[in-house]
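*Asks:* Predicted model and sequence follow; I will ask about them next.
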Amino acid sequence: MSVDDYLDLLNYAKAINDGQWQADIIERLKNLPAASAQKQREESVRELWVQFDDVNAVLVELFNKLRENEPTEDQNSLKEKIWELKLERIRLAKRIQSKYIGIR
């Protein structure tokens, strides 16, 4: 539920003079930003994992191309691309790790 939804419920709880419900809604509103930030961090981690998986998929394709081809100058460009993707994978892994530390 959004903040607006909770505020509407709070107004209704005040209109019917339900003090316990008002207190519950106020408590949920206090915890809402923390829960929202937690959810955003988790979604960010999911996106990083998708990127990590995409890099791995491209690496597999490049390794297969490298294995299939005879030694050529093309292999040098494949090896350079593989090296760049390995570095990107390391960067993503570090970002994922830092996000997990933030989630816990």
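*Replies:* Nice, thanks for sending it over. None of the values given here were measured: they were computed from a predicted structure.
*Asks:* Please, where are all the helices along this structure?
*Replies:* Taking DSSP state H as the criterion, the chain contains helices spanning 3-15, 19-68, 73-103.
*Asks:* Residue 53 versus residue 3, what's the distance?
*Replies:* 34 Å (Cβ to Cβ, to the nearest Å). All C-beta spots, glycine's among them, are computed from the backbone N, C-alpha and C.
*Asks:* now the residue nearest the centre of the chain: how far from residue 98?
*Replies:* Among the residues of the chain, the one closest to the centroid is residue 44, at 1.9 Å (Cα atoms, centre = their mean). Relative to residue 98, residue 44 is positioned 10 Å away (Cβ to Cβ).
*Asks:* can you check residue 6 too?
*Replies:* Taking Cβ to Cβ, one finds residue 6 at 32 Å from residue 98.
*Asks:* Between the two, point out the one with more neighbours.
*Replies:* Neighbours were counted for residue 6 and for residue 98 using other Cβ atoms under 10 Å; residue 6 has more, 15 against 11.
*Asks:* so how many other residues sit close to residue 89?
*Replies:* Residue 89: 17 neighbours (other Cβ under 10 Å).
*Asks:* where does the chain have low pLDDT?
*Replies:* Counting by pLDDT under 70, the ranges of the chain that qualify are 1-2, 34-38, 102-104.
*Asks:* Next up, the contacts around the nearest residue to residue 81 once chain neighbours are set aside.
*Replies:* In space, and not counting its chain neighbours, residue 81 is closest to residue 62: 5.9 Å by Cβ to Cβ, 6 or more residues apart in numbering. Residue 62 sits next to 78, 81-82, 85 when contact means Cβ atoms under 8 Å, 6 or more residues apart in numbering.
*Asks:* Reformat those residues into CSV and put distance to residue 67 and neighbour count next to each item.
*Replies:* As requested, those are arranged in CSV below (distance: Cβ to Cβ, whole Å; neighbours: other Cβ atoms under 10 Å):
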residue, distance to residue 67, neighbour count
78, 10, 15
81, 14, 15
82, 12, 16
85, 16, 16
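*Asks:* Adding distance to residue 40, write those out as JSON lines.
*Replies:* JSON lines is the format used below for the contacts of residue 62 (distance: Cβ to Cβ, whole Å):
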{"residue": "78", "distance to residue 40": "38"}
{"residue": "81", "distance to residue 40": "33"}
{"residue": "82", "distance to residue 40": "33"}
{"residue": "85", "distance to residue 40": "27"}
